[in-house]
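In: I would like to see how this sequence folds:
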Amino acid sequence: MTKKVLVLCTGNSCRSQIAHGYLQHFAGDQAEIYSAGVETHVVNPKAIAIMKDDGIDISNHTSNNVLEYQAIDFDYVITVCDNAKERCPYFPTKAQKFHYNFPDPAKAIGSDDEIKIEFERVRNMIKKYCAEFVEANL
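Out: Numbers count the residues shown, from 1 in each chain. A predicted model of the protein is given here:
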């Protein structure tokens with residue numbers, strides 16, 4: 001049976017979108033991957049670009065609100081920032097919960113190169129986490 005995985009962040013624009021892309025990549029048809037935020041923003045263009053650099057296309061992803069998925073019975077819920085973990089509305093689920101507070105690359109300051117380096121650093125952290133999550137749980 002296909003597992004259902006929800007990745008949650010504050011605005012569903014960056015870290016959760018990167019995780020969504022990698023979980024989909026590593027899980028293949030073993031899981032249905034969803035991502036959402038406690039708010040919705042547009043998908044961060046730098047997140048799209050940094051994923052494209054690694055061969056994963058998230059350009060068609062949309063920013064979704066967690067309430068859109070209330071009716072789905074998730075197997076796993078992964079929060080990727082402390083703010084989402086604290087603010088996520090409760091909805092009844094048997095989902096096993098996971099949490100990792102990744103730094104927010106969208107808050108990086110500096111030159112374009114310095115910001116890109118921070119996006120790469122966080123992307124690589126999320127990639128490793130997602131590969132290990134799929135290996136251990138799917």
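In: After the helix or strand bottoming out on mean pLDDT in the chain, which helix or strand is next?
Out: Taking mean pLDDT, DSSP states H and E as the measure, the helix or strand of the chain with the lowest value is helix 82-87, at a mean of 75. Proceeding C-terminally, helix 82-87 gives way to strand 96-99 as the next helix or strand, assigned by DSSP states H and E.
In: which stretch of helix or strand covers the residue positioned nearest the centre of the chain?
Out: For the chain, the residue whose C-alpha lies nearest the mean C-alpha position (Cα atoms, centre = their mean) is residue 16; its distance is 2.0 Å. Taking DSSP H and E as the definition, one finds residue 16 inside helix 15-27.
In: Name the residues that touch that helix?
Out: Contacts made with helix 15-27 from outside it, assessed by Cβ atoms under 8 Å, 6 or more residues apart in numbering, are listed as 3, 5, 7-9, 31, 33-37, 43-44, 47-48, 50-51, 56-58, 61, 63, 78, 80-81, 84, 102, 104-105, 122-123, 126-127, 129-131, 133-135, 138. Glycine gets a C-beta too; all of them are placed from N, C-alpha and C.
In: So which of those residues belong to strands?
Out: Assigned to strands by DSSP state E, the following of the contacts of helix 15-27 qualify: 3, 5, 7-9, 31, 33-37, 78.
In: where's the residue nearest to the centre of the chain relative to residue 110, distance?
Out: Counting by Cβ to Cβ, to the nearest Å, the gap between residue 16 and residue 110 amounts to 23 Å.
In: swap in residue 98?
Out: Using Cβ to Cβ, one obtains 31 Å as the distance from residue 98 to residue 110.
In: So for those two, which residue has more residues nearby?
Out: Relative neighbour count places residue 98 above the other of residue 98 and residue 110, with 16 against 10, counting by other Cβ atoms under 10 Å.
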